[in-house]
Each structure stands twice: as structure tokens, then as C-alpha cells.
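return atomic coordinates for the entry below.
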Amino acid sequence: MEANVLTTEMILVMSMIGLAVFLFIAEWIRVDMVAILMTVTLPLLHLVTPKEAFSGFSSNAVISIIAVIIIGAGLDKTGLINRLVKPVMKVAGNSSSRVVIAMGATVAVISSFMQNIGAAALFLPAIKRVSKSMNISLSQMLMPIGFCAILGGTITLVGCSPLILLNDLLAPFNLEPFGLFDVSPIGLALVGSGIVFFIFFGRFVLPKGKAGDSGSSDESIKGLESSYEHLGDPFELKVPGNFTDFRDPLTIKDIREKYLVNVVAIAGRDGFKFISVAPDMEIRSDADIVVYGLQENVEKMAKELGISIKDSLDVFKNEMSAAISGTIEAVVAPRSDLIGKTLKKAHFWEQFQVNPLAIYRSDKAFYSGLSDFVLRSGDSILLQGTWERFKILQERHNFIFSTPVSEVLKPEKALISGCWLAVALVMIIIFKIQLSVALMTGAFGMIVCRVLTIDEAYKSVDWRTIFLLAGLIPLGIATEKTGAAAWIAHTLLTLIGDVSPVVLLTAIAVLSTFFTLVISNVGATVLLVPLVVNMAMAAGVDPRMAALVVGLATSNSFMLPTHQVNALYMGPGRYRSVDFIKAGGIMTVLFIAVLIGMLYLFYGI
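I've put the predicted structure just below:
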């Protein structure tokens, strides 16, 4: 068939492409529904066979993405990624520039093996803590680190959906597939250029916010703090060795009543730890304790009792970490077994193994006398404990939790999850096993070893993304099968004329960047790869490089908060759309320049 002969089938395919792009932009229906519409309509129009219409659901790319999501969920479940924060912060020290470099580089590396939105979400609490402790505005930190998360997806072939999809789209053209690290030089250069840009020019393009301002995402925390204004913060203290030699026994209840300080954990000289402490438990010599209270109250208690305050959590740093424990507000349910009982009579500490810090009733918070407080339906109790205990407490239906209970992590499975990720990578790199098989092996291994359950694995997968990807693959097949891609390529080349490979690839990068801003990066990749491959073949340019430009440039999504990472960080950083246009506009141009420059240096285009 002549490339310049327009047929009815080509017109139908181009009409479907136009309809898909229009629906992506107009957002009349969800993007996954647009993909399903394409899956159903294309075989009805006889543009693809029924088998081809549903081939996307069994494609290497779709299975690989499902496996990558499950592996990422396993790493998240064990808290393995969170363990990287502390050594990273030691490297960064007290310099804001080093913080951006260290955290940005770490997020980028993590994003190269799991979804960048997952990496960005994992680091958000750590970034907030650093912002507060170092008195640096969140708006000065979130955007650079968020951009690094996006750029990190270009370091490996499994870093983002477009790159995972790339080899499948090249298969119909019988082109050599890309290896896992074939894109690494380009991806590392992109990450490096992003970090350098913000280090030298960040102060000119980033908004000036208030230090430690966490934005709207912390409204629930602010609400808790306003209701329980005397709650205070956790402190770890060391009891001296002669504490009980010349004094009467001192109980947890005594400390709460006198100083309005709650003891929530005790470790004896034998190292045994109590994470939930009953009111009648005594403070022993040479113990380590964790308390919640206002700083002035804690300092007063420490001075009068001769107890030393530690600079930070030490003995209980793991047990009191945000991944393991926290505070949560629970409301006594209407049919709770606790109604009419005191906490002491209900054996609250022994039965539930959490620590009540305060009780809120009739617009008043009570911090003392909690043991003898008769509970009523609707009373709010501020509890401190492990997320695992809160999960159990939630299942008993005695309380209604006003905020979601954080997921129970499995830090003891961290090594196992890391090993299965390593197994998958070894299978890909050394044994050259197909991407989907290797990654699914890693995901299956995590499930078998109970890093996460099969139900948790299913829940972790964003099925909207899967249907979007699988549903658009037949549109790419139809574009190539009917000759529409060749016709469009021939027409565009006729309009452009003879140009050098660098100019052609730059034009493709600009086109891909535009498409990814208005439609999904997956949609842009599926639509553009068949087109640019045909353009490159007609122009005598390496078609693999043209396809690679699309796979990478569809991550060039910085100018608008349409990317998931940008949307996630927009609220906490209190960014406006104009902030993304300002910083993201420059980053977009830099991205294209570095991309084309690296292709020229490493691939000789």
C-alpha cells in the first residue's frame, strides 16, 4: 500500500485517535473508560481482530507494570525505603543544598525501580520533618525533590510506564529491544541536571514560603493540636541508678496527676520494653522512659525528680517511629462495651495495650484523672500506641476512629523484600529473562514469603492504569496495521522537508512533551511510537532512537500539576499553577536539551 494513499481504514483510525485525544483533554469520561471505548470500538469497526483488541491485557508491558507495582508495595510494606532517610540526612548535614541533593538523588534512585508517585509519597513525611527541624520552607524543598522523582523514572527501563511499554511497541517493527540499563546514562544526566538547576537557580524560580509550613495536608494534625493543646511532644529520659534508694515508689499515675505528663513506654535495666504502661506501674532505677508532654512540664518533672532528658529518642527510636506507632483520636461508639465503665475497671491498658493521653468531652480536654473517668458514648480519647494494636482495636468496634489507621508495617520482612527485588534484577541483567517473567517472579516471591498477602497485592495495583495501558495498545496496533502511521509520517516529513537527525528528534521530543501535558504519558507513548518510527524510517534516522525519545520525553511533565507527583506535592508546598509554569518551563527546556545532547554523545545520532 502506498504511504501517500489515504484509505477509509486510515480515516477511521485517525478519527479514533482524534476522539481519544479529545476525550483525554475534555475529561468527559475517565481516561480508563476512554481506553475501554477504544478496545470495544476498534474490533467493531474491523480495524483490529478481537484477539488483537484484547492482546494488551496479556502483553509483556502490562504484566511488568503490575509486577513493579506489587514489588513497590512490598518494599513500602516493610518500611525498607524509610530506613534510607536517616543515613541520607546524616550525609546532608545542616545544609539545605545538601538536603536537596541527598534526598533528590535518593528519591530518583528509588523511582528507577518503583513508581515515582510511590517514592514521592514515601519521602513526603521525611521532607516535612526536615523542613521543620532545619527551618526551611517546604516550598523550597518539595518541588525539586518531586521533579527528581519524575526524572528518576528515566534511569532504568522499569522506572516508568512509557519505558516499560517501549519494547512491546517496537516488536511489530522487528527492532532490537532496549536493555534494562540502556537508558541509564541519559536518565542519570537528566537527574543531575535537575539537581544542579535547583541548587543554582532554585532561589530565583521557587516561591518563598514560611519555614516548616506543611500546607493543607496537615489540617487534621493541626485540628488535633488545637483540641489537645497540652498534649506536647514525645521525649525520652534516663532514670538514674539510685532513683528508688531514698524515695517512696513513684507510679505512672503520680507523674500524670502532678506534672500532666504521660509515660507511654518503659525499658528496664534488663532491656525489656513495655510499650503500653498501666497507671500503677512504678518507675524503677536505671530505666529509660518515653513521655508525652509540654516541654516546660517535662523539664519541670526532670528537674524535680533528678531525671535527665535525652537529646532525641534513643532506646525507643524504632518503636516510636511514625512507621510503627503514633497517636490517633477514637470516639466511644454508641454500643461500646466501655460505656459506663472507667478505664481502670475495663482493664483498658491490659486489654488493648495502648496509652490514653487525654479525654475530650463537651469542648473540654481532660489530662488527669483518666483512670477513674466514667466513659460515655461520644467521648473522644486520644490514644498512643502501635498501628498494629490500633488495627485490632478497630476490629472490636468499641471505638470509631476519626482518622484512618495507618497501615501496619512489617520491618522484620525488609531483608526478604530486598532479596526478592535483587532476584528479579539478577534474572533480568545476568540471565536475560523476559522483563515480565523476572518481575512477576519477584512479586510472587514477596507474596509467598508473606511480605504482603495476595489480597494486599491486588489492592496495591492501580487497575485504572492497567486498563488505560491495555486498552490503548490495540489503538497502536490499528494505527500501524492500517498504514495510518506511515501516512501521517510521510505527510509530516513532506511538510517539514529534509532535516538533520538532531532536528527531527528535537521535534519529536517537543511533540511528546506537548502530548504528555494534555493526555496521559501512557496514551502519548502508544499514539506516538508507531508514528515516529515510521517518520524516522522515512527520513533515514535510527527508528529506535526516535522511539526512545518518545519513551523519555513523555516524562517531561513539569509545566503543569497534571503529573501525579506534582499533584501530590502541590497542596503541602502550597504551590500555584504559575509556580509550576515558572520552574517547570525552564526544566522542560533543559530536559529536551540534555536528552538530545546525551543521545548525540552516547548514541551518535
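
give me the spatial nearest neighbour of Ser436, chain neighbours excluded.
In this structure, Ser436 finds its nearest non-sequential neighbour in Ile63, 3.9 Å apart by Cβ to Cβ, 6 or more residues apart in numbering. Every C-beta, even on glycine, is put in place using the N, C-alpha and C of the backbone.

just Pro43 next, same as before
Ala53 is the one closest to Pro43 (Cβ to Cβ, 6+ apart), at 4.3 Å.

which residues touch that neighbour?
Thr39, Val40, Leu42, Pro43, Pro474 (Cβ atoms under 8 Å, 6 or more residues apart in numbering).

how far away is the fourth one from Ser131?
Translated: Pro43. In this view, Pro43 and Ser131 are 52 Å apart by Cβ to Cβ, to the nearest Å.

OK, contacts around the residue nearest to Ser436?
Residues near Ile63 by Cβ under 8 Å, 6+ apart: Ser436, Leu439, Met440.

which of the helices and strands in this protein ranks last by mean pLDDT?
Least confident helix or strand of the chain, by mean pLDDT, DSSP states H and E, is helix 219-227 with a mean of 46.

who wins for most neighbours among the contacts of Ala53?
Pro474 (28 neighbours; other Cβ atoms under 10 Å).

quick one: buried residues of the helix or strand encompassing that one?
For Pro474, the element it lies in under DSSP states H and E is helix 463-481. Across helix 463-481, burial judged by 16 or more other Cβ atoms under 10 Å covers 465-481.

so what's the residue nearest to Asn521 when sequence neighbours are not counted scoring on pLDDT?
Once flanking residues are discounted, Asn521 sits nearest to Thr554: 4.0 Å by Cβ to Cβ, 6+ apart. Note for Thr554: predicted pLDDT of 93.

show me where the stretch 251-400 of the chain has its helices.
Ranges of helices within the stretch 251-400 of the chain are 252-259, 295-305, 348-352, 387-395, based on DSSP state H, counting those that start in this stretch.

by contact count, what packs against the last one?
Looking back up the chat, that one is helix 387-395. Judged by 3 or more Cβ pairs under 8 Å, 6 or more residues apart in numbering; DSSP states H and E, helix 387-395 is in contact with strand 325-332, helix 348-352, strand 399-401.

can we see that at 7 Å?
Packing partners of helix 387-395 (3 or more Cβ pairs under 7 Å, 6 or more residues apart in numbering; DSSP states H and E): strand 325-332.

the strand it packs on pairs with which strands, and in what direction?
strand 380-386 (antiparallel), strand 399-401 (antiparallel) (DSSP bridges).

pLDDT on it, on average?
Mean per-residue pLDDT for strand 325-332: 86.

got a winner among the contacts of Ile63 for most neighbours?
Leu439 (29 neighbours).

Tyr569 contacts Pro144, correct?
No. Here Tyr569 lies out of contact with Pro144, judged by Cβ atoms under 7 Å, at a distance of 10.1 Å.

quick check on these two: which one has the bigger neighbour count.
Tyr569 (29 against 23).

I'd like the distance between the more buried one and Leu175.
Distance of Tyr569 to Leu175, given as Cβ to Cβ: 37 Å.

check Ile155 too.
22 Å.

which one of these two has more residues nearby?
A side-by-side neighbour count of Ile155 and Leu175, using other Cβ under 10 Å, places Ile155 first with 25 against 16.

surely that one touches Ser184?
Yes. If you go by Cβ under 7 Å, Ile155 and Ser184 touch, sitting 5.6 Å apart.

in stretch 515-522, what's buried?
Result for stretch 515-522 [16+ other Cβ under 10 Å]: buried residues Phe515, Thr516, Leu517, Ile519, Ser520, Asn521, Val522.

what do you get for stretch 296-307?
So for stretch 296-307, counting by 16+ other Cβ under 10 Å, buried means Asn297, Val298, Lys300, Met301, Ala302, Leu305, Ile307.

could you do stretch 106-126 as well?
106-124, 126.

show me these that map onto strands.
If you go by DSSP state E, these have nothing in strands.

can you tell me the SS state at the residue located most distally from the centre of the chain?
Most distant from the centre of the chain: Phe246, at 53.4 Å, with distances by Cα atoms, centre = their mean. With DSSP: H, G, I helix; E, B strand; the rest coil as the basis, Phe246 sits in coil.

how many neighbours does Phe274 have?
Based on other Cβ under 10 Å, the number of other residues close to Phe274 is 17.

contacting residues around it?
The contact partners of Phe274, taken as Cβ atoms under 7 Å, 6 or more residues apart in numbering, are Ala265, Ile266.

try 6 Å this time
Ile266 (Cβ atoms under 6 Å, 6 or more residues apart in numbering).

who does it bridge with?
Ile266.

tell me the pLDDT of it.
The model reports Phe274 with a pLDDT of 90.

tell me the helices and strands packed up against the top helix by length along the chain.
The helix that spans the most residues within the chain, counting by DSSP state H, is helix 577-603. Packing partners of helix 577-603 (3 or more Cβ pairs under 6 Å, 6 or more residues apart in numbering; DSSP states H and E): helix 184-205.

in the helix it packs on, what counts as buried?
184, 186-195, 197-199, 202, 205.

with stretch 550-568 instead?
550-559, 561-566, 568.

the stretch 501-605 of the chain: helices as residue ranges?
501-518, 521-539, 543-553, 564-570, 577-603.

could those be laid out in JSON lines, adding distance to Leu6?
Shown next, in JSON lines, are the helices of the stretch 501-605 of the chain (distance: least, Cβ to Cβ, whole Å):
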{"stretch": "helix 501-518", "distance to Leu6": "21"}
{"stretch": "helix 521-539", "distance to Leu6": "15"}
{"stretch": "helix 543-553", "distance to Leu6": "23"}
{"stretch": "helix 564-570", "distance to Leu6": "38"}
{"stretch": "helix 577-603", "distance to Leu6": "32"}
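
quick one: closest of those helices to Ala358.
helix 564-570 (31.9 Å; Cβ to Cβ).

what's the closest non-adjacent residue to the residue nearest the centre of the chain?
Nearest residue to the geometric centre of the chain (Cα atoms, centre = their mean): Gly118, 2.3 Å. Leaving aside its sequence neighbours, Gly118 sits nearest to Gly72 (Cβ to Cβ, 6+ apart; 4.9 Å).
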